[in-house]
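> following is a predicted model, sequence given first.
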Protein chains: 4
Amino acid sequence: MSSTWKNRLTLSLFGESHGTAVGVTLDGIPAGEVIDLEALQAFLDRRAPGLFPGSTPRKESDVPQFLSGIKDGKTTGTPITAILPNLNAHSADYDDFANIPRPGHADFTGHVKYGGHQDRRGGGHFSGRLTAPLCVAGGICLQLLARRGVAIGSHITELGGVADPPFDEMVAILNRTIQKQDSVGGIIECIAIGLPAGLGDPIFDGMENRIAGLVFGIPSVKGIEFGAGFGGAAMLGSEHNDAFYFDGDTVQTRTNHHGGILGGITTGMPLVFRTAIKPTPTLALSQESVNLRTGESAMIAVDGRHDTCITPRAMPCIEAAAAIAIYDAML
Amino acid sequence: MSSTWKNRLTLSLFGESHGTAVGVTLDGIPAGEVIDLEALQAFLDRRAPGLFPGSTPRKESDVPQFLSGIKDGKTTGTPITAILPNLNAHSADYDDFANIPRPGHADFTGHVKYGGHQDRRGGGHFSGRLTAPLCVAGGICLQLLARRGVAIGSHITELGGVADPPFDEMVAILNRTIQKQDSVGGIIECIAIGLPAGLGDPIFDGMENRIAGLVFGIPSVKGIEFGAGFGGAAMLGSEHNDAFYFDGDTVQTRTNHHGGILGGITTGMPLVFRTAIKPTPTLALSQESVNLRTGESAMIAVDGRHDTCITPRAMPCIEAAAAIAIYDAML
Amino acid sequence: MSSTWKNRLTLSLFGESHGTAVGVTLDGIPAGEVIDLEALQAFLDRRAPGLFPGSTPRKESDVPQFLSGIKDGKTTGTPITAILPNLNAHSADYDDFANIPRPGHADFTGHVKYGGHQDRRGGGHFSGRLTAPLCVAGGICLQLLARRGVAIGSHITELGGVADPPFDEMVAILNRTIQKQDSVGGIIECIAIGLPAGLGDPIFDGMENRIAGLVFGIPSVKGIEFGAGFGGAAMLGSEHNDAFYFDGDTVQTRTNHHGGILGGITTGMPLVFRTAIKPTPTLALSQESVNLRTGESAMIAVDGRHDTCITPRAMPCIEAAAAIAIYDAML
Amino acid sequence: MSSTWKNRLTLSLFGESHGTAVGVTLDGIPAGEVIDLEALQAFLDRRAPGLFPGSTPRKESDVPQFLSGIKDGKTTGTPITAILPNLNAHSADYDDFANIPRPGHADFTGHVKYGGHQDRRGGGHFSGRLTAPLCVAGGICLQLLARRGVAIGSHITELGGVADPPFDEMVAILNRTIQKQDSVGGIIECIAIGLPAGLGDPIFDGMENRIAGLVFGIPSVKGIEFGAGFGGAAMLGSEHNDAFYFDGDTVQTRTNHHGGILGGITTGMPLVFRTAIKPTPTLALSQESVNLRTGESAMIAVDGRHDTCITPRAMPCIEAAAAIAIYDAML
């Protein structure tokens, strides 16, 4: 289970943050599709650290090596596997607190689940590093979707508690947070346009279930809402309902509180969802924790490399998850 | 796909609102478990209309008939199938607007997906009626969980835009809404206590993914958040992180912003999530829509039986979904 | 797992031989397909006892009641559920040997797996009775395949050790076996014609894997071979290889040792496979067994109704399994 | 689908014969299991060419490189990924007949399925090379099974049409076949001992279905039979039924015509199955085929490296498939 998602497409993620490599196998992509590796790299670079203040100084290789499934720039129809070697893993950063789980992180639950055998360096298999291969798979799907008239984008609608911050204010928020040695979270809105009506299936295989199933695979995501979402729960039915009308031969809605999905199935209106990203749990500030070996309380402060805020880097990951779910529904 | 959810348990829902029956097959429940049919019925009765003002006057049979899998009051280990016959289907209520999709409902998307062949009477397979068999499956899981020390409950944290309304105020909100011939939504908080640490798997099979995958199978759910959720995105890391401490031999956290889940895996703290329920789309008020046959605009007002607010009736459905996801993770 | 098969279609069987009913949920059939219920019944009647000597005198209801998914004679696109009530269950036949497992039957393994809680009357969920709902699902797929130019048939190539017996000899074999109070097995060859080339997928999702996965769901099947099968293992490569040639624009093969499948994928030649059916294990002859309660050895002789040979009745079951696998691969 | 097998374990194969690498991701192995890499290599070496006359002179790297899931010689509990680089791919061997499908091979069906975009060098994803990563996964499962008291072995019961040949005769058969530039097939019997009773599930998830689903993933397998199999179809019920008796507290059977499986579930007796391997289709002899580009008939003779008989090399592959299916059923 766990690291494999299987519908029409099969997506299998593997690797640990400080192991040899992380990677992905993506099965079910049709044969003969051109993959633009330069465009894919540009997409992956949006996930890489360095574009915003306060991102980890860890130097990562986000250049995928394709082992199978692509030949002469085109898909072969059989499984596509890409690996991303881990170049710059400073395991020593983590040695000091091998038995002290970071609050808010999966160190403790990984310890319970795997009995201490997990590779906990850098979060191991729970690391945000695993979103790199997710973005490889999603980036491929984005190219195939674009060819079919579907575009997906995202933007930050809240950062550090500030709604719709302009770029300069985002930079200011991040710099203030760096100085406090603290971290902030945010909310990302993702929109897909150009979708045909009729994608998705009722009940457990609706577009909401599918997208949520992938998006909660991104570390730090703690909530998702579609269309008017939680705000819509406070509206009257007469306000929330989106009136249908004909635009030529096409049925459209005058408003889009439904976020492009009714009964789990796309209406053809823009598919809109928002995702809550919690503040990065790893902090240089000293935090209360426990020593799992000695059974005593302990303090932990992590001086190593970590992000002040992963929200900006999470944008391509959210888009990737949406692209996989939507392209899969079109197969 | 669609109506089958498959992990360790397999859950398959079937039926249409105004067809012969709705039902469920639940496979994977261990043999020899006593099923208390009276307690199950009491649970199902919480979903039945009539407990709150403004619920549909439709008389439904929420008494399941078990066809297989239970013998002499105990599970046999093989698939449990229960059906709930549809006694009181007033199809005539829906005849007038056979080609006019109700705004906010799945009439339009069902039409697109099934080319007009779907059984659209009463919403067909998209009807809230399908939550009755979901509650049968969930009610069974709740009994098995109780036997293993896990309890699940829920309450309404917002109704018609009012936060934490006492019961009398809920009744007042509903009565006001009935008079306006309108509808309201709400937010339900669900809590599971007594969970062991270590349930769930990383990435795509975490508890958040599993619960979301089931909860979005309930009609009208448009959002889900775990722990501090969307509110948590506005907190600092130092505020949001939950400090670990030892309570005897057990690791606990001083706060529970993580909602009992870290890295997709339970910590042993209460598992907490909230679900946004949109206002009921079917209204007696006249709404703008289209006639799919003539291609012209049309107005629609539904005089038939429908709920002013499904939030109260959704509570056992949410608990059922949570119970299935959690019990499955314990297998 | 167990009783659910899931690919593009989802097929879920439920029920026990002497319970209330057996049934099936089939999800994934497109909307708007006409289902000819008379033709379906004629297909189901081939599975019913009575066409050959030595079939069980048990009177079964093989008339399915459709609960969902079919409206006005057409599929709605949502799950099709059919149940077949168990009319004539003589549980008393089985009371005498509640703790004595029949040799060759699943009584013993069911007891181990379900700790004695299984419904063992008439074999419970392991009964051949479960092939009735399988045939309902398969019979629907056969109609859809016929509409797409695919026909599936089967014949007995061995009965009681006699190869290619004419009908009169089959009757004689069965009558001789009845007199000896014994039972016989047989081999069924199944052929599908009209298939397009290109169905199936490499490695674990080839047509051989898919068909085998369904065919071994039929009780008493102990072997399957495709094309030349076990006999082909004794041929030279130069004999076994089927030469390609053009018949107009179509690539065909001069022989068909490959049975219509290469690399798991159809070639467009007839798909041919044979299935070994073991002799019916339930016998009126006295057989050595054990008493699971007392821990002592015991003899068992079953006077109740049972088949001398299930091979003739297994033919439509094999065709049903093939039809499901093939139609699924065409979706 | 296709290259992923998913039950409790998830097994995902990737790669093409002449691409960068082949590999496997195996998810679901418990944490903390010691993996003996030397013993694993010894198992993989049984699949490597060179142990029997007439095996391909292609020099393959069958030394897996583990990218994830193993740390300090123990499993971490998260996905295990191993790759085997393709060192010695002589693509030129295949250039001459790029448009002429080899009879008996998947060249033609791969062409139809993937529209000519597949990597057909050396059979691409359909190559026997993909059994190397299958054996990595199976070899790991064999070690875990051994630790739990289960042993799996196999032997050749027919080679080139000769039943139970001693080793010297096998060598003679192969040498004769090399001289004729032809190829032969064979039958492999595989036996698993030490299994507990009660593994497997009824209907579609029985041990026969599971093992067949994996074994048909091995190229050239055209048949499988359990216990007495096809021969058993010619026996009387009174002969075929295996009498139960108590050996101390354990129920055993006096004979084992059922091959250790009744109703899809293990009895605790040795699990026995036989697999038919067709003769290697690639031949140096000239064979009739077609040119898919010109639409004309064509002859093909392959001078490159290929096996006279893959049956000996298939033994560890069959054991690997059985080990995966059995270990999965024990989880």
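Perfect, thanks for sending it.

> got the phi and psi for the residue in the stretch 101-250 of chain A that chain B sits nearest to?
For the stretch 101-250 of chain A, the residue closest to chain B is A:Ala106, as judged by Cβ to the nearest Cβ, at 2.5 Å. Backbone N, C-alpha and C define where each C-beta goes, glycine included. With angles defined as degrees, to the nearest 10, A:Ala106 sits at phi -90, psi 10.

> tell me, how many neighbours does the closest residue to it other than its chain neighbours end up with?
Excluding the flanking residues, the one nearest A:Ala106 by Cβ to Cβ, 6 or more residues apart in numbering or on different chains is B:Gly263, at 2.5 Å. Each residue near B:Gly263 was counted by other Cβ atoms under 10 Å in any protein chain shown, and the total is 28.

> residue contacts, whichever residue of the stretch 101-250 of chain A sits closest to chain C?
Residue nearest to chain C within the stretch 101-250 of chain A: A:Pro202 (6.7 Å; Cβ to the nearest Cβ). Counting by Cβ atoms under 8 Å, 6 or more residues apart in numbering or on different chains, A:Pro202 makes contact with A:263-265, B:2-3, B:106, B:110, B:125-126, C:78.

> now do A:Val171
The neighbourhood of A:Val171, defined by Cβ under 8 Å, 6+ apart, consists of A:52-53.

> what separates A:Thr308 from A:Ala163, distance-wise?
Computed as Cβ to Cβ, to the nearest Å, the A:Thr308 to A:Ala163 distance reads 19 Å.

> those two: which is more packed in?
Under the neighbour definition other Cβ under 10 Å, A:Thr308 and A:Ala163 were set side by side, and A:Thr308 has more, 29 against 10.

> ok, the more buried one - contacts?
A:53-55, A:174, A:177-178, A:182-184, A:280.

> next up, phi/psi of it, please.
According to degrees, to the nearest 10, A:Thr308 has phi -70, psi -30.

> nearest residue to it in space, please, no chain neighbours.
Per Cβ to Cβ, 6+ apart, closest to A:Thr308 is A:Gly54, 2.8 Å.

> I'd guessed the one you found sits against A:Ile173; true?
No. Here A:Gly54 lies out of contact with A:Ile173, judged by Cβ atoms under 8 Å, at a distance of 9.5 Å.

> counting contacts, what elements does the host helix or strand of A:Ala146 pack onto?
Using DSSP states H and E, A:Ala146 sits in helix A:131-147. Under the contact criterion of 3 or more Cβ pairs under 8 Å, 6 or more residues apart in numbering or on different chains; DSSP states H and E, helix A:131-147 touches strand A:10-15, strand A:21-27, helix A:37-47, strand A:80-85, strand A:151-159, helix A:311-330.

> got the CA coordinates for the first one in CSV?
It refers to strand A:10-15. This file holds the C-alpha atoms of strand A:10-15, laid out as CSV (Å, rounded to 0.1, in the frame of the first residue of the first chain):
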residue,chain,number,x,y,z
THR,A,10,-0.1,3.2,-11.1
LEU,A,11,2.2,5.5,-9.2
SER,A,12,4.9,4.0,-6.9
LEU,A,13,7.2,6.2,-4.9
PHE,A,14,10.4,4.9,-3.2
GLY,A,15,13.4,6.1,-1.4
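
> that strand and chain C in contact?
No. Using Cβ under 8 Å from any Cβ of the partner chain, no contact is recorded between strand A:10-15 and chain C, whose separation bottoms out at 10.1 Å.

> compute the inter-axis angle for that strand and strand A:21-27.
Interaxial angle, strand A:10-15 versus strand A:21-27 (axes from the mean of the first three to the mean of the last three Cα atoms, to 10 degrees): 170 degrees.

> so which strand or helix has the nearest residue to A:His105 once chain neighbours are set aside?
Once flanking residues are discounted, A:His105 sits nearest to A:Pro281: 4.7 Å by Cβ to Cβ, 6+ apart. Using DSSP H and E, A:Pro281 falls within no helix or strand.

> count residues in the vicinity of A:Pro281, would you?
A:Pro281 has 25 neighbours, counted by other Cβ under 10 Å.

> that one touches A:Gly104, doesn't it?
Yes. Using Cβ under 8 Å, A:Pro281 is in contact with A:Gly104, at 2.9 Å.

> how far away is A:Gly54 from A:Lys278?
To A:Lys278, A:Gly54 is 16 Å away according to Cβ to Cβ.

> ok, which residues in chain A are in contact with chain C?
Chain A has residues A:78, A:202 near chain C, with proximity defined as Cβ under 8 Å from any Cβ.

> which regions of chain A sit below the pLDDT cut-off?
Residue ranges of chain A with pLDDT under 70: A:1, A:57-61, A:88-96, A:304-305.

> mind doing that once more with 90?
Counting by pLDDT under 90, chain A shows low-confidence ranges at A:1-2, A:48-62, A:87-98, A:116, A:118-123, A:302-307.

> as a quick check, tell me the outermost residue of chain A.
Taking Cα atoms, centre = their mean, the residue of chain A most remote from its mean C-alpha position is A:Gly248, at 37.0 Å.

> for C:Thr267, see how far away A:Lys113 is.
47 Å.

> between these two, which one's more packed in?
Set side by side, A:Lys113 and C:Thr267 show more neighbours around C:Thr267, with 28 against 23, by other Cβ under 10 Å.

> tell me the contacts of the closest residue to A:Ser68 other than its chain neighbours?
Nearest residue to A:Ser68, sequence neighbours excluded (Cβ to Cβ, 6+ apart): D:Gly15, at 4.4 Å. D:Gly15 makes contact with A:67-68, A:79, A:81, D:21-23, D:83-84, D:86, D:125, D:129-130, D:133 under the criterion Cβ under 8 Å, 6+ apart.

> would you list those residues in a markdown table and tack on distance to D:Ile193?
Output for the contacts of D:Gly15, formatted as a markdown table (distance: Cβ to Cβ, whole Å):
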| residue | distance to D:Ile193 |
| --- | --- |
| A:Leu67 | 37 |
| A:Ser68 | 37 |
| A:Pro79 | 35 |
| A:Thr81 | 36 |
| D:Ala21 | 35 |
| D:Val22 | 31 |
| D:Gly23 | 31 |
| D:Ile83 | 33 |
| D:Leu84 | 30 |
| D:Asn86 | 36 |
| D:His125 | 34 |
| D:Arg129 | 31 |
| D:Leu130 | 28 |
| D:Pro133 | 26 |
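
> what is the burial count for A:Gly295?
A:Gly295: 11 neighbours (other Cβ under 10 Å).

> near chain D, which residues of the stretch 101-250 of chain A show up?
Residues of the stretch 101-250 of chain A lying near chain D (Cβ under 8 Å from any Cβ): A:113-119, A:124-125.

> of the residues you listed, which belong to helices?
Of the positions in those, A:113-114 sit in helices, assigned by DSSP state H.

> for the residues of the stretch 101-250 of chain A next to chain D, which single residue is the most surrounded?
A:His125 (30 neighbours).

> give me the three-state assignment for the nearest residue in space to that one that is not next to it in sequence.
Nearest residue to A:His125, sequence neighbours excluded (Cβ to Cβ, 6+ apart): D:Thr78, at 3.7 Å. Secondary structure of D:Thr78, reduced to three states by DSSP: H, G, I helix; E, B strand; the rest coil: coil.

> which residues touch D:Thr78?
A:2-3, A:14, A:16, A:114, A:118-119, A:124-125, B:202, D:27, D:68-69.

> could you redo the last one with a cut-off of 7 Å?
With contact taken as Cβ atoms under 7 Å, 6 or more residues apart in numbering or on different chains, D:Thr78 is in contact with A:3, A:16, A:118, A:124-125, B:202, D:68-69.

> distance of the closest residue to A:Cys135 other than its chain neighbours relative to A:Arg274?
Nearest residue to A:Cys135 in three dimensions, chain neighbours excluded: A:Ala320, at 4.6 Å (Cβ to Cβ, 6+ apart). Separation of A:Ala320 from A:Arg274 (Cβ to Cβ): 16 Å.

> that's all I had, so thanks and see you.
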